[in-house]
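Visitor: coordinates for the following, if possible.
(2 chains)
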Amino acid sequence: MHWADVLAEEIVGRDPEPTIATGISPTGIIHVGSLREAITGESVRSAVAELGNEVRLVYLIDDMDPLRRRYDFLPESFEEHVGKPICMIPSPDGGPGTYAEHFVKPFLDAVDSLNVKCDIVWTHQLYAEGKFAKAVDASFKKRDLAIEILREVTGRDMDDNFAPYNPLCEKCQRYAKPIFETYSFPYVEYECGCGHRGRSDVEKMEGKLVWRLEWPAKWKIFGVDAEPFGKDHAAAGGSFDSGVRLVREVFGGEPPIPIPYEFVQLKGVGQMHKSTGSAVTGMDAINMTPPEVLNYMFLRVNPQRAIDYDSGLGILDMVDEYDRMERLFFEGEWAEVDDASVRAYQLAQHNEVPKAQPKQVPYRHLMNVVQMADGFDDALRILGRTEDLDGMTQADISRLRARMRCVLYWLDGFAPENVKFSVLSEAPELPEDDPARPFYASFAAKLADAPWDADSINGALIEAAAETGIGNKKGYQAVYRVVIGKTSGPRLGPFLADMERDFVVDRLKDCS
RNA sequence: GGGCCUGUAGCUCAGCUAGGUGGAGCGCCUGACUCUUAAUCAGGUGGCCAAGGGUUCGAAUCCCUUCAGGCCCGCCA
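Guide: Alright, predicted model coming up:
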C-alpha cells in the first residue's frame, strides 16, 4: 500500500473529517523542500478524500515572521527593515505588494500549477481576527508552565523572563518585550528597544507568539489532525516535541499525526545555470520539471527518504517513468513491484485521473523536436509529420505545451552539451576537395525521390555511403556536420524525416 | 555529545508492518528492423540485500553491535 493511503487510514481513524495543515515561512527564496511539503500534504488530502471523507488542507503562510537579517539578495536599504514582520515590509522589487507577498508569489504559482487543493491562510490575518487571542492569553497565564515544559523538552537554560508573546512596537514596527505585570486580557504593555513604551491588544495584529508556541497554537485553532514538516522540526527536543506538550498542557488540544519528511538535495549534474551561476534552485526545478512529474517524483518514494534531484539526464528518465506508469495504469495491469509507483501516478493528479489515456509524446523525442522548431506551433507541425496528433484533447495540448516549456528551460540551463544542437541556417563552407562531396551529391540525388520516411532516408544513406566508398560511420558524421555542425546527433533517419525534404536535399547539394 | 533518517544490481528505487527459493525501470550487452550515436521492438547480463553477531527449521525482513552517508539539536521559522 502507498504511504499516503496508510496515513489516510490512520488519520480517518482519528477524525472522520480531518484537517491537514502545512505551511511556509516566505522570508526568502523558495526551495523545493517547501514544495515537497505541499505535495505531501496534498497527496494525503486526496487519499483521505478518496476514502469518502470530508477533508481540508490548510496552507499557512507565516508572514508575521520577522525579517531575521538582511540577506545577500536584498539591497542595503533593507537593513532598516530587519526585525519587522515580513507582511509589513515593502517588496524588494519596488512593486506594490509586501515582502512576504513577493516571495510567496512564485510559490503560490507553483502550488497552483501543481494543482494543490488547499485553503491559503495568511498568519497575519489570524492575528488580526483575534484567532490567536485565547492562545496568547493561555501563554501569559500559564507562562511558568510553558517555561518549565521548554526547559524539560529542550534541556536548555530557560530565562524566567521568557516571553511567549512579543508585542509589535507601534513606533518602529519591531517586536518588543512585554511587561508581564501589566497584562490584563486583551492588553499588555511593552517596552521596545527603540525606547517607545506602548500597549498592544492581543486580539489584533499587534504582536506575535514565538514559534515554539505559535505552532501548537495553530494545531489548537484549526484542530489539525496531521501535518507534514521537515525533519529539522522532528529532532528530539525540537519544536514538534515541545509543541506536543504545549498544546496539551497549555492550550488544551491534541498534537497532529506527524509526517516528517526528508529534504530534497539539488544536485547540479549538468552545467551550472547561467543566471544564478550556482546550482539548481527550487524555481529551476519547477521550471524544468513538468508539474505532474514533479508531483510524481515526490510521491514515488517515502517521505522519510532523501531525494537527490537530478537536473541532468535523470530528469528525462523521471518523465519516462511517469509516462510508463501512466500507460500501466490505463492498461490496468502491472507487476506487484510497480504497485506503489502506479498509485503515486494517481496521487500525482490528486485522484483526478483523466478518463482516457492522454496522448504521449516520448520526452526524448520532444527534446529533439523542440530544438528543431521555432515555437510551439512549429513544433506541433513537426510532430505531426511522424506522430498521429488527431484526437488530441485540449488537455493533451496544454500538457504538451507545458512540457515543451520545461524542455526548453532545461536545455537552456542544465542539459549536457551532447544532447544539444541547433539546425544550421546555412551550409557550412567546405574545402573544395572535401572527400565527402561525392557522398553528399549521391545522397541528395537518392533523397530527391525516395519516400520521406525514416527507413527510406536511412536506406538511401547506406546506399550512398556504399556507392561512394565513404563508409556508414563517416557518412552519418558527414550529414550531422552539414545539418547541425556536430559529428553526432539524434538518430539520423527519424531526425531527417522530421525536416522538410527540400531543406535537406538543398543542404546536401550545397555541400556537394 | 544527543537525536532522526538512509544503506538492496553500474544508477534510481520496490520488497521489511504480519520471516518462507531476491524484483522493476534505466544503463549495459546481444539480436531484429537494408540502419546509428539521442524517439522502435525482442532477448540477455547483472546483487555475500553495508559488515558482524543473535533469535529461528528458515532472516533483506525481527533483535543487538559496528561501519558509512545525509540532516537536525540557536526565544530561528
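
Visitor: how many residues are close by the nearest residue to residue A:226 once chain neighbours are set aside?
Guide: In space, and not counting its chain neighbours, residue A:226 is closest to residue A:257: 4.3 Å by CB to CB, 6 or more residues apart in numbering. C-beta here means a position set from N, CA and C on the backbone, and glycine is covered the same way. Using other CB atoms under 10 Å, residue A:257 is surrounded by 19 other residues.

Visitor: so residue A:257 is in contact with residue A:12, correct?
Guide: No: here residue A:257 lies out of contact with residue A:12, judged by CB atoms under 8 Å, at a distance of 10.8 Å.

Visitor: contacts made by stretch A:298-313 with the rest, please.
Guide: A:2-4, A:32, A:35-36, A:39-40, A:43, A:228, A:231, A:259-270, A:280, A:284-285, A:288, A:297, A:318, A:321, A:340-341, A:344, A:347-348, A:410, A:414-416, A:419 (CB atoms under 8 Å, 6 or more residues apart in numbering).

Visitor: quick one: buried ones out of those residues?
Guide: Burial by neighbour count, judged by 16 or more other CB atoms under 10 Å, picks out A:2-4, A:32, A:35-36, A:39-40, A:43, A:228, A:231, A:259-262, A:264, A:266, A:268-270, A:280, A:284-285, A:288, A:297, A:318, A:321, A:340-341, A:344, A:347-348, A:410, A:414-415, A:419 from these.

Visitor: show me what from the stretch 251-400 of chain A comes close to RNA strand B.
Guide: A:260, A:262-263, A:265, A:300-302, A:304-308, A:310, A:314, A:317, A:320-321, A:324, A:335, A:337-340, A:362, A:364-365, A:367-368, A:386-387 (CB under 7 Å from any atom of the strand).

Visitor: which of these are buried?
Guide: Looking at those with 16+ other CB under 10 Å, the buried ones turn out to be A:260, A:262, A:300, A:307, A:310, A:321, A:324, A:338, A:340, A:364-365, A:367-368, A:387.

Visitor: save those residues as JSON lines, and put in pLDDT too.
Guide: Below are these laid out as JSON lines (pLDDT from 0 to 100):
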{"residue": "A:260", "pLDDT": "83"}
{"residue": "A:262", "pLDDT": "81"}
{"residue": "A:300", "pLDDT": "88"}
{"residue": "A:307", "pLDDT": "82"}
{"residue": "A:310", "pLDDT": "80"}
{"residue": "A:321", "pLDDT": "89"}
{"residue": "A:324", "pLDDT": "89"}
{"residue": "A:338", "pLDDT": "84"}
{"residue": "A:340", "pLDDT": "85"}
{"residue": "A:364", "pLDDT": "90"}
{"residue": "A:365", "pLDDT": "89"}
{"residue": "A:367", "pLDDT": "91"}
{"residue": "A:368", "pLDDT": "90"}
{"residue": "A:387", "pLDDT": "76"}
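
Visitor: let me have the residues you listed in a markdown table, adding secondary structure as columns.
Guide: Listed next are those as a markdown table, based on DSSP: H, G, I helix; E, B strand; the rest coil:
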| residue | secondary structure |
| --- | --- |
| A:260 | strand |
| A:262 | coil |
| A:300 | coil |
| A:307 | strand |
| A:310 | strand |
| A:321 | helix |
| A:324 | helix |
| A:338 | helix |
| A:340 | helix |
| A:364 | helix |
| A:365 | helix |
| A:367 | helix |
| A:368 | helix |
| A:387 | coil |
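
Visitor: can you give me the helices for the stretch 401-512 of chain A?
Guide: For the stretch 401-512 of chain A, the helices defined by DSSP state H, counting those that start in this stretch cover A:437-448, A:454-468, A:472-483, A:492-497, A:501-510.

Visitor: quick one: closest of these to RNA strand B.
Guide: Shortest distance between RNA strand B and the helices of the stretch 401-512 of chain A, using CB to the nearest atom of the strand, is found for helix A:492-497: 1.1 Å.

Visitor: reformat the helices of the stretch 401-512 of chain A as a markdown table; add mean neighbour count and distance to RNA strand B.
Guide: What follows is the helices of the stretch 401-512 of chain A, written out as a markdown table (neighbours: other CB atoms under 10 Å; distance: least, CB to the nearest atom of the strand, whole Å):
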| stretch | mean neighbour count | distance to RNA strand B |
| --- | --- | --- |
| helix A:437-448 | 20 | 10 |
| helix A:454-468 | 18 | 3 |
| helix A:472-483 | 19 | 3 |
| helix A:492-497 | 20 | 1 |
| helix A:501-510 | 16 | 12 |
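
Visitor: how about those in a markdown table, adding mean pLDDT?
Guide: Shown next, in a markdown table, are the helices of the stretch 401-512 of chain A (pLDDT from 0 to 100):
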| stretch | mean pLDDT |
| --- | --- |
| helix A:437-448 | 88 |
| helix A:454-468 | 86 |
| helix A:472-483 | 88 |
| helix A:492-497 | 88 |
| helix A:501-510 | 88 |
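
Visitor: got TSV for those, with distance to residue A:26 too?
Guide: As requested, the helices of the stretch 401-512 of chain A are exported to TSV (distance: least, CB to CB, whole Å):
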stretch	distance to residue A:26
helix A:437-448	57
helix A:454-468	50
helix A:472-483	48
helix A:492-497	45
helix A:501-510	50
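
Visitor: what is the burial count for the residue nearest to residue A:35 when sequence neighbours are not counted?
Guide: In this structure, residue A:35 finds its nearest non-sequential neighbour in residue A:110, 6.2 Å apart by CB to CB, 6+ apart. Neighbours of residue A:110 under the rule other CB under 10 Å: 23.

Visitor: ok, residue A:110 to residue A:41 distance?
Guide: If you measure residue A:110 against residue A:41 using CB to CB, to the nearest Å, the figure is 14 Å.

Visitor: same question, residue A:242
Guide: With CB to CB as the criterion, residue A:242 and residue A:41 are 22 Å apart.

Visitor: now swap in residue A:302 and tell me
Guide: In terms of CB to CB, residue A:302 sits 15 Å off from residue A:41.

Visitor: cool, and residue A:51?
Guide: Remark: distance between residue A:51 and residue A:41 (CB to CB) = 16 Å.

Visitor: neighbour count: those two, which is higher?
Guide: Legend: neighbour count by other CB under 10 Å for residue A:51 and residue A:41, higher for residue A:41 (25 against 13).

Visitor: where's that one, which helix or strand?
Guide: Element membership for residue A:41 (DSSP states H and E) is helix A:32-50.

Visitor: is that helix anywhere near RNA strand B?
Guide: No: for helix A:32-50, no contact with RNA strand B is found by CB under 7 Å from any atom of the strand; the gap never falls below 9.9 Å.

Visitor: the residue nearest to residue A:103 when sequence neighbours are not counted: how many residues sit nearby?
Guide: Among residues not flanking residue A:103 along the chain, residue A:26 sits closest, at 4.1 Å (CB to CB, 6+ apart). Neighbourhood size, residue A:26 [other CB under 10 Å]: 25.
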